[in-house]
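Q: the sequence and its predicted three-dimensional model are supplied below.
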Amino acid sequence: MREIVTVQVGQCGNQVGSEFWNRLCAEHGIAPDGSPPANPAQDRKDVFFAQADCGKFVPRAVLVDMEPGVLHAIKNSPQGKLFSSSGFWVHPEGAGAGNNWAKGFAAGESSLVLDQVMDIVSREAEACDFLEGFMFTHSIAGGTGSGLGSRLLQELRDRYPKLLLQTYSVFPNQKASSDVVVQPYNSMLTLRRLCQCVDAVVVIDNRALDRLVQERFKVPQPTFVETNSIVSRIMSASTATLRFPSHTRSDLHELVMMLTPEKDCHFLSSSFAPLYFPQPVSLDNRP
């Protein structure tokens, strides 16, 4: 069994990650509080989940943000019982990065911040029997996901040079009106770290997601519910061969090697078929 630790950074990264864990729990039959399914299937839950002594499944996840809003919402939701309380990290000041890459990166340069976050990551890594790599979810346009995310990517590459590092990076919708005028700068500064530190980048284009929801599903004003649900389906589908018995593409290393013909050609475009209206998966109302 080869385990993967998921690191969620920033508002976007944690919202996407939250939908991803909802999807995984529904597919593996895990209850909202982490209780195992009544009829266990022949799958590989241990790739993304650790089983506690009491039998409950706990995500191998580290949730990081510089402001408490999203993480507090996750803790207070039914999904909050699924995660370990020690896997959450919020900046002590809780002021956020102000959509500024430099502020987020500077926070990551702080020895206090970096040591606290990496202690949580190291604890999750040491709990694995055979850690294969890290899966990173973030946005490249905001302050925390881009700035602090860039610093964490550098640190993960330095501390774990032989492990795979894959990201699901949300690219901004540049044609839509936004109050974040520095989105292009945040994106360019983050792209350098994605080029240097990451083995595979799954590109999630916000503009394409919005257009898809508007034109295909006839939703005039797309919300994060629709777009994040599509992203979670892409993430669960791309990791399905890792979580269910398969003779091919059964580990992340094999999957990345097949998709990246050269080391520098590691930006992957995502697609999903068949395409149908995404219904959000609820842990309280699973199929």
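A: Thanks, I have the structure now.
Q: can you point out the buried residues in the helix or strand hosting residue 202?
A: Taking DSSP states H and E as the criterion, residue 202 maps to strand 200-205. Of the residues in strand 200-205, those scored as buried under the neighbour-count criterion (16 or more other CB atoms under 10 Å) are 200-205. C-beta here means a position set from N, CA and C on the backbone, and glycine is covered the same way.
Q: off-centre distance for stretch 147-158?
A: Distance, stretch centre to chain centre, for stretch 147-158: 14 Å (CA atoms, centre = their mean, to the nearest Å).
Q: need the contact partners of it.
A: Applying CB atoms under 8 Å, 6 or more residues apart in numbering, the external contacts of stretch 147-158 come out as 7, 9-10, 13, 64, 66, 97, 100-109, 113-114, 117-118, 121, 134, 136, 138, 140, 165, 167, 186, 189-190, 192-194, 196-198.
Q: for that stretch, which positions count as buried?
A: Of the residues in stretch 147-158, those buried under the neighbour-count criterion (16+ other CB under 10 Å) are 147-157.
Q: got the CA positions of it in PDB?
A: This file holds the C-alpha atoms of stretch 147-158, laid out as PDB (Å, rounded to 0.1, in the frame of the first residue of the first chain):
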ATOM      1  CA  GLY A 147       2.100  32.900  -1.700                       C
ATOM      2  CA  LEU A 148       2.100  30.500   1.300                       C
ATOM      3  CA  GLY A 149       1.400  27.700  -1.100                       C
ATOM      4  CA  SER A 150       4.600  28.500  -3.100                       C
ATOM      5  CA  ARG A 151       6.600  28.500   0.100                       C
ATOM      6  CA  LEU A 152       5.200  25.200   1.200                       C
ATOM      7  CA  LEU A 153       5.900  23.700  -2.200                       C
ATOM      8  CA  GLN A 154       9.500  24.700  -2.000                       C
ATOM      9  CA  GLU A 155       9.800  23.300   1.500                       C
ATOM     10  CA  LEU A 156       8.100  20.000   0.600                       C
ATOM     11  CA  ARG A 157      10.500  19.600  -2.400                       C
ATOM     12  CA  ASP A 158      13.500  20.300  -0.100                       C
END
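Q: and that stretch, average pLDDT?
A: The average pLDDT within stretch 147-158 is 96.
Q: mind checking the end-to-end distance for stretch 27-45?
A: 10 Å (CA to CA, to the nearest Å).
Q: flag the shaky bits of the chain, pLDDT-wise.
A: By pLDDT under 70, the low-scoring segments of the chain are 1, 174-179, 276-287.
Q: quick one, longest helix in it?
A: Assignment by DSSP state H gives helix 10-28 as the longest helix of the chain.
Q: and that helix, how far out from the chain's middle?
A: With CA atoms, centre = their mean, you get 7 Å for helix 10-28.
Q: go on, stretch 215-229?
A: Distance of stretch 215-229 from the chain centroid (CA atoms, centre = their mean) equals 20 Å.
Q: again with stretch 214-221
A: What separates the centre of stretch 214-221 from the centre of its chain is 25 Å, taken as CA atoms, centre = their mean.
Q: got it, and stretch 35-51?
A: Centre-to-centre, stretch 35-51 and its host chain are 20 Å apart (CA atoms, centre = their mean).
Q: for it, buried residues please.
A: Of the residues in stretch 35-51, 36, 44-50 count as buried by neighbour count, 16+ other CB under 10 Å.
Q: sorry, back to before: pick the one among the buried residues of strand 200-205 closest to residue 247.
A: Top of the list for closeness to residue 247, among the buried residues of strand 200-205 and by CB to CB, is residue 200 at 21.6 Å.
Q: bridged to that closest one, which residues?
A: Beta-bridge partners for residue 200, by DSSP bridges, are residue 166.
Q: look up how far residue 233 lies from it.
A: In this structure, residue 200 and residue 233 are 19 Å apart, going by CB to CB, to the nearest Å.
Q: same thing with residue 124?
A: Distance of residue 124 to residue 233, computed by CB to CB: 25 Å.
Q: and residue 132, helix, strand or coil?
A: When the structure is reduced to helix, strand and coil (DSSP: H, G, I helix; E, B strand; the rest coil), residue 132 reads as strand.
Q: my guess is it contacts residue 255, does it?
A: No: with contact defined as CB atoms under 8 Å, residue 132 and residue 255 do not form a contacting pair (10.3 Å).
Q: hmm, back to that, any of the contacts of stretch 147-158 buried? List them.
A: When neighbours are counted using 16+ other CB under 10 Å, these contain these buried positions: 7, 9-10, 13, 64, 66, 97, 100-105, 107-108, 113-114, 117-118, 121, 134, 136, 138, 140, 165, 167, 186, 189-190, 193-194, 197-198.
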